[in-house]
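Asks: Predicted model follows, preceded by the sequence.
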Amino acid sequence: MSLYPGRFSPVELDINGIRTIIIDPHNDIIPYWFMESLRRKCSLIALRIDAHHDMFQCCPALPAREGRERHHYLQQLLPYVQHYSRTMVNEGNFTCPAFHCGVIGALYHYHPGREQLDAYGRADGSETESPPKTREKSSPAGGRWIFWDGRETRLAGDEASPKTAPQPRRISRHDFQRDIEDCILPVAVGIDLDGLYGNGDRGPPERLVRNRMTGVRSLLESVSRPAFICLARSQSPRTYIPSWAVDLAQKAALNLIREIYG
């Protein structure tokens, strides 16, 4: 049962030993990122399959670290993270605090409708190359907030605007495959179903979903064994995929996951 009335309760599946979680909204992925990073004692590489980058800034700061070792800090923070993910960030900015805490070290965003692949940082063996940097800043209204650091990261948009995101690096699928082939860090996959069929799409959803799965397949096949997979239904707090199409897209995504990893 959800801790928050009226909210979708995550559904967990085991697909050949790969933890696969169905969530809604997409920011509910944060606790899973934190738990996996803590379990592995390293940063994660995120593969996001989504119609949106979800890389906006301006998030409330997490409790102060106070000089503690990073993994001890994350352990102490863990009981607070679910509340934070559900009430203090939204579906557009939840990645920023994960970079801030070092939970995500690099993120690859694939837009299935555009067949476009962007990198925010790159995987480099057991390290990451040029991840976007963050900073904390006090607000005149009180409290501290997390922003992208414009001194160290090239930004798209006004540095002070909540709608500002890091400028990604456009890469090819071959670039991604090469990065992941050499990557030692765990890869967490997030699939937002609006990337398979969104509110603005026209035409038979079965055909569009099937066509977009081709690009998704090539990326998933490059990840030999994900740390875990999250599917986001995109039905709250607003609908990004028509409610009548969400189960169709979810079934198609799960079938592909079973086919590749089952």
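Replies: That came in fine, so what should we check first? Numbers count the residues shown, from 1 in each chain.
Asks: So what's the residue count around Glu181?
Replies: Neighbourhood size, Glu181 [other Cβ atoms under 10 Å]: 11. Placement of C-beta: from N, CA and C, glycine included.
Asks: tell me which element the residue lying closest to it once chain neighbours are set aside falls in.
Replies: Sequence neighbours aside, Ser222 is the residue nearest to Glu181 in space, at 7.3 Å (criterion: Cβ to Cβ, 6 or more residues apart in numbering). Ser222 belongs to no helix or strand when assigned by DSSP states H and E.
Asks: you'd agree Ser222 is up against Cys183?
Replies: No - applying Cβ atoms under 8 Å as the test, Ser222 and Cys183 come out as separate, 9.9 Å apart.
Asks: the helices in the stretch 51-200 of the chain, which residues?
Replies: For the stretch 51-200 of the chain, the helices defined by DSSP state H, counting those that start in this stretch occupy 70-87, 95-100, 173-182.
Asks: Where does pLDDT dip in the chain?
Replies: For the chain, the stretches with pLDDT under 70 are 1-7, 66-67.
Asks: for the residue of it most remote from its centre, what are its contacts?
Replies: Relative to the centre of the chain, and counting by Cα atoms, centre = their mean, the farthest-placed residue is Pro140 at 30.1 Å. Applying Cβ atoms under 8 Å, 6 or more residues apart in numbering to Pro140 gives no contacts.
Asks: how about JSON lines for the helices of the stretch 51-200 of the chain, with distance to Tyr240 added?
Replies: JSON lines is the format used below for the helices of the stretch 51-200 of the chain (distance: least, Cβ to Cβ, whole Å):
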{"stretch": "helix 70-87", "distance to Tyr240": "18"}
{"stretch": "helix 95-100", "distance to Tyr240": "16"}
{"stretch": "helix 173-182", "distance to Tyr240": "24"}
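Asks: Deepest-packed of those, please.
Replies: Stretch with highest mean neighbour count among those: helix 95-100 (a mean of 26; mean count of other Cβ atoms under 10 Å).
Asks: Outside of it itself, which residues are in contact with it?
Replies: Residues outside helix 95-100 that contact it (Cβ under 8 Å, 6+ apart): 30, 33-34, 46, 54-59, 62, 84, 89, 104, 107, 131-134, 136, 146-148.
Asks: Got a PyMOL select line for the buried ones in these?
Replies: Applied in PyMOL, the following selects the buried portion of those according to 16 or more other Cβ atoms under 10 Å:
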select buried, resi 30+33+34+46+54+55+56+57+58+59+62+84+89+104+107+131+132+134+146+147+148
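Asks: now the strands for the stretch 51-200 of the chain?
Replies: Secondary structure of the stretch 51-200 of the chain (DSSP state E, counting those that start in this stretch): strands located at 59-60, 104-111, 116-120, 122-124, 127-129, 134-138, 144-148, 155-156, 165-166, 169-170, 187-192.
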